[in-house]
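Got a sequence here, can you build the structure:
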Amino acid sequence: METEKDTEKETEKESEIWYAMRATYRREPDAMRLLEKENLGCFVPMQYKISLKKGRKVRALVPVVHNLLFVHARPSDVKRVKSRVSYLQYITDTRSGQKIIIPDSEMQRFIAVAGTYNDHLLYFQPDELNLSKGTKVRVIGGDFAGQVGIFLKVKGARDRRVVVEIQGVIAVAMATIHPDLIEVIK
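Below is the predicted model of the structure:
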């Protein structure tokens, strides 16, 4: 029979991983507060939007995609929190039915770009871009120095942009970067 100590040892062996998750009915702020209270890592891609409130223009930070959040935690911790909250759900790969788990390096690149809240970032659903048409590049200067992505033409922009993607979930195109600040990765 498994004792509480055995369960604790199992939990300690688990490593933290990034999950793509959904907080239904636009409850991502509630989910963020809950996850932070539980000391679990969480990232919600946000951007500034201008909206009208009582006839005045107001600039507010809002989620880029409603219901989308990324959770960084051990599987057992996610399961524990999820069991108490019905609106938190895993996003699954439509082909395999598996939970979408994002490699740390991919998530760090995405957060490094999306976490700047730069007004010139463009966000896309995965099916809106054909990344195979682009060129793999590294940014060698400016705000996004060191970031790796795909350089291609995206809709809504006159020039080509460097795109960082979370496979099957979301992609973000960086602000315009001067060609001198980009090197092609062979």
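
Contacts for stretch 60-71 next, please.
18-28, 31-32, 35, 40-49, 51, 78, 91, 102, 107, 114, 117, 123, 166, 169-170 (Cβ atoms under 8 Å, 6 or more residues apart in numbering). Heads up, the C-betas are built off the backbone N, CA and C, glycines and all.

End to end on that stretch, go ahead and measure it.
23 Å (Cα to Cα, to the nearest Å).

List the buried residues of it.
When burial is assessed from 16 or more other Cβ atoms under 10 Å, stretch 60-71 yields the following buried residues: 63-64, 67-71.

try stretch 75-93
Within stretch 75-93, the residues scored as buried using 16+ other Cβ under 10 Å are 77-78, 81-82, 87-88, 91.

Including distance to Asp127, could those residues go into CSV?
Converted to CSV, the buried residues of stretch 75-93 look like this (distance: Cβ to Cβ, whole Å):
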residue, distance to Asp127
Asp77, 32
Val78, 27
Val81, 30
Lys82, 27
Tyr87, 25
Leu88, 25
Ile91, 15
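
Buried subset of the contacts of stretch 60-71 as a PyMOL selection?
PyMOL command restricting the contacts of stretch 60-71 to the buried ones, with burial defined by 16+ other Cβ under 10 Å:
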select buried, resi 18+19+20+21+22+23+27+28+31+32+35+40+42+43+44+45+47+78+91+102+107+114+123+166+169+170
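
Okay, and which of the contacts of stretch 60-71 map to helices?
28, 31-32, 35, 78, 107, 114 (DSSP state H).

Identify the farthest-apart pair in the residues you listed.
Val78 and Ala114 (21.2 Å; Cβ to Cβ).

What does Glu38 show for phi and psi?
Note on Glu38: backbone dihedrals following degrees, to the nearest 10 are phi -90, psi 0.

Perfect, I'm done here.
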